[in-house]
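S.K.: Mind looking at a prediction? Sequence and model below.
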Amino acid sequence: QVQLVESGGGLGQAGGSLRLSCAASGRPFSHYGMGWFRQAPGKEREFVAAISWGGSSTDFAASVKGRFTIFRDNVKNTVYLQMSNLKPEDTAVYYCAQRRTASSGTSVSDQEYEYWGQGTQVTVSS
């Protein structure tokens, strides 16, 4: 049974930084690409960042490119989202997700992800 557990959310200030972590278990972590998505109140869930199984490929939403970094540690079975230069519009519940199939590359579509964490709240004050 695959489990994804996010941590690291909380309250941040505009211009500040936060790091989210997502610990995975249940199947070989290094075989699957990972992604981060977010959902703000009243809005649909949106793609934030993705990373390939080995970490060599990454992809970012335009709204976070240059501010957020995604990386993974395949020994610790953990993927991270480093968020810098935070903005109030980054306020949302952040979810990590694991790809459905063991394929290379990244995906921005939530339809390609089968397993999801419970989410962690990030609130950015101005």
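M.R.: Cool, the structure landed.
S.K.: Closest to the centroid, which residue in this structure?
M.R.: Centroid-nearest residue in the chain: residue 36, 2.3 Å away (criterion: C-alpha atoms, centre = their mean).
S.K.: Who's the closest spatial neighbour of that residue, skipping the chain neighbours?
M.R.: Nearest residue to residue 36 in three dimensions, chain neighbours excluded: residue 48, at 4.3 Å (C-beta to C-beta, 6 or more residues apart in numbering). All C-beta spots, glycine's among them, are computed from the backbone N, C-alpha and C.
S.K.: Helix or strand: which one has that neighbour?
M.R.: Element membership for residue 48, per DSSP states H and E: strand 46-51.
S.K.: Packing partners of the helix or strand following that strand?
M.R.: Per DSSP H and E, the first helix or strand lying C-terminal to strand 46-51 is strand 58-60. Other elements packing on strand 58-60 under the criterion 3 or more C-beta pairs under 8 Å, 6 or more residues apart in numbering; DSSP states H and E are strand 46-51, strand 68-73.
S.K.: any idea where the strands of the protein begin and end?
M.R.: Here the chain has its strands, by DSSP state E, at 3-7, 10-13, 18-25, 34-39, 46-51, 58-60, 68-73, 78-83, 92-99, 113-116, 120-125.
S.K.: any chance of the ones you listed in JSON lines, plus distance to residue 107?
M.R.: Listed next are the strands of the chain as JSON lines, based on distance: least, C-beta to C-beta, whole Å:
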{"stretch": "strand 3-7", "distance to residue 107": "16"}
{"stretch": "strand 10-13", "distance to residue 107": "27"}
{"stretch": "strand 18-25", "distance to residue 107": "16"}
{"stretch": "strand 34-39", "distance to residue 107": "7"}
{"stretch": "strand 46-51", "distance to residue 107": "6"}
{"stretch": "strand 58-60", "distance to residue 107": "8"}
{"stretch": "strand 68-73", "distance to residue 107": "13"}
{"stretch": "strand 78-83", "distance to residue 107": "14"}
{"stretch": "strand 92-99", "distance to residue 107": "6"}
{"stretch": "strand 113-116", "distance to residue 107": "7"}
{"stretch": "strand 120-125", "distance to residue 107": "21"}
